[in-house]
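**Student:** have a look; sequence and predicted model below, questions after that.
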Amino acid sequence: MKAAVYNQPGAPEVFRYEDVADPICGPKDVKIDVKAISIEGGDVLARAFIETGGKDQVVGYTAAGVISELGAEVSGFKVGDRVTTLSGAGSHAEQRVVSSFTCWALPDNVSFDQGACIPVTYGTAHDALFEFGRLRADETVLVQGGAGGVGIACIQLAKQAGATVYATASSDARLACLADFGLDAGINYATQNLTDEVMRLTERKGVNLVVDPVGGNVLEKSIASAGRRGRIVSVGTASRDFSKIDIGGLAPGNKSLTGVFLGAEVATARAQEMIRDLLAQMASASLSMLIDRTYPLAEAAAAHAYIESRQAVGRVILIP
């Protein structure tokens with residue numbers, strides 16, 4: 001099969017598009033012919049920073065496709081089923097093998113592009129808002145990086161839950177794209193003081209919840225933007241700023257900071273049901289991810305470079 005592989009971390013140019021051995025389907029596994037790959041923030045960070053020991057690596061968390069082979073111990077699926085899948089690596093390829101436990105049936109009216117965005121993008125957003133963020137209908141939420149995939153998912157889900165939703169982005173044009181997803185007010189962090197604007201919008205109260213996929217110095221601003229007993233949920237480090245941050249702003253307002261990683265939850269029955277429910281919501285057209293661009297798998301390097309340019313709104317998809 002063809003895949004985008006790399007054997008040392010670095011810029012997008014480390015990718016090579018070439019033939020690799022087909023993945024082997026174990027007794028509890030499912031093999032799929034990949035139809036669409038959602039490039040997640042973790043995929044970009046893995047390619048940039050995770051050492052491979054000089055061995056070829058196929059990066060990537062999520063992909064949707066059609067089952068081509070089932071392990072002997074797998075039940076509930078059949079060859080030819082449309083599914084979406086999650087694993088720690090392996091999505092940037094024509095085929096992938098995952099545990100049947102991280103494989104979900106894709107409704108017939110949900111496209112492969114949209115379905116590929118559900119497990120990580122929407123799953124992370126849902127856990128950040130509700131399981132760990134404890135968002136209620138009458139509360140306010142600030143979504144950092146609102147134009148990203150997780151950001152858009154957070155805006156939709158929070159608005160559906162009855163919250164007032166604010167979000168940040170790097171330009172007015174990117175913020176304008178978020179209005180249809182339920183954004184109440186946007187903050188252009190390139191031209192506005194983030195914390196000052198949050199305090200203006202909330203009459204100096206600060207928000208009840210901040211979802212932050214950016215990290216670094218932005219996480220300190222998230223802490224400052226939360227109100228008394230505010231909750232800050234960190235779901236990533238898209239900024240690539242891995243330096244220590246000052247958490248001194250937590251104690252004066254009795255605020256809390258929680259880290260969320262979907263991979264630590266996905267094996268639970270709760271998370272399994274949550275992802276099935278998100279797929280059902282997408283099938284009912286109550287959820288929809290904005291697909292900014294699609295690239296052929298052969299152009300994985302260009303797709304990653306585009307994401308790193310911070311121009312994308314929503315998700316970028318690879319098509320084998």
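**Tutor:** That came through, no problem. Residues are numbered from 1 along each chain as shown.

**Student:** not counting its neighbours along the chain, what's nearest the most centrally placed residue in the chain?
**Tutor:** Against the mean C-alpha coordinate of the chain, by C-alpha atoms, centre = their mean, the closest residue is Thr121 at 3.0 Å. Closest residue to Thr121 apart from its sequence neighbours, by C-beta to C-beta, 6 or more residues apart in numbering: Gly149 at 4.4 Å. Placement of C-beta: from N, CA and C, glycine included.

**Student:** quick check: the one you found vs Glu203, distance?
**Tutor:** Going from Gly149 to Glu203 by C-beta to C-beta, to the nearest Å gives 31 Å.

**Student:** please say which of these two ends up with more neighbours.
**Tutor:** More crowded of Gly149 and Glu203, by other C-beta atoms under 10 Å: Gly149, with 29 against 7.

**Student:** contacting residues for Gln95?
**Tutor:** With contacts defined as C-beta atoms under 8 Å, 6 or more residues apart in numbering, Gln95 is in contact with Met1, Asp22, Pro23, Lys31, Ile32, Asp33, Val34, Ser68.

**Student:** picking that back up, the residue nearest to Thr121 and Val313 touch, don't they?
**Tutor:** No: counting by C-beta atoms under 8 Å, Gly149 sits too far from Val313 to count as a contact (9.3 Å).

**Student:** buried stuff in stretch 180-197?
**Tutor:** Neighbour-count burial for stretch 180-197, counted by 16 or more other C-beta atoms under 10 Å, picks out Phe181, Gly182, Leu183, Asp184, Gly186, Ile187, Asn188, Tyr189, Leu194, Thr195, Glu197.

**Student:** my bad, stretch 221-229
**Tutor:** In stretch 221-229, counting by 16+ other C-beta under 10 Å, buried: Lys221, Ser222, Ile223, Ala224, Ser225, Ala226, Gly227.

**Student:** may I see the residues you listed organised as JSON lines, with distance to Gly53 and pLDDT added?
**Tutor:** Formatted as JSON lines, the buried residues of stretch 221-229 follow (distance: C-beta to C-beta, whole Å; pLDDT from 0 to 100):
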{"residue": "Lys221", "distance to Gly53": "37", "pLDDT": "97"}
{"residue": "Ser222", "distance to Gly53": "35", "pLDDT": "98"}
{"residue": "Ile223", "distance to Gly53": "37", "pLDDT": "98"}
{"residue": "Ala224", "distance to Gly53": "41", "pLDDT": "98"}
{"residue": "Ser225", "distance to Gly53": "41", "pLDDT": "98"}
{"residue": "Ala226", "distance to Gly53": "41", "pLDDT": "98"}
{"residue": "Gly227", "distance to Gly53": "46", "pLDDT": "98"}
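
**Student:** of the residues you listed, closest to Ile39?
**Tutor:** Within the buried residues of stretch 221-229, proximity to Ile39 (C-beta to C-beta) peaks at Ser222, which comes in at 24.3 Å.

**Student:** nearest to Ser234, of the buried residues of stretch 180-197?
**Tutor:** Nearest to Ser234 among the buried residues of stretch 180-197: Leu194, at 16.0 Å, using C-beta to C-beta.

**Student:** and the closest one, what pLDDT?
**Tutor:** Leu194 carries a pLDDT value of 96.

**Student:** what about the helices in the stretch 51-200 of the chain?
**Tutor:** Counting by DSSP state H, counting those that start in this stretch, the stretch 51-200 of the chain has helices at residues 112-116, 123-126, 149-160, 172-176, 194-201.
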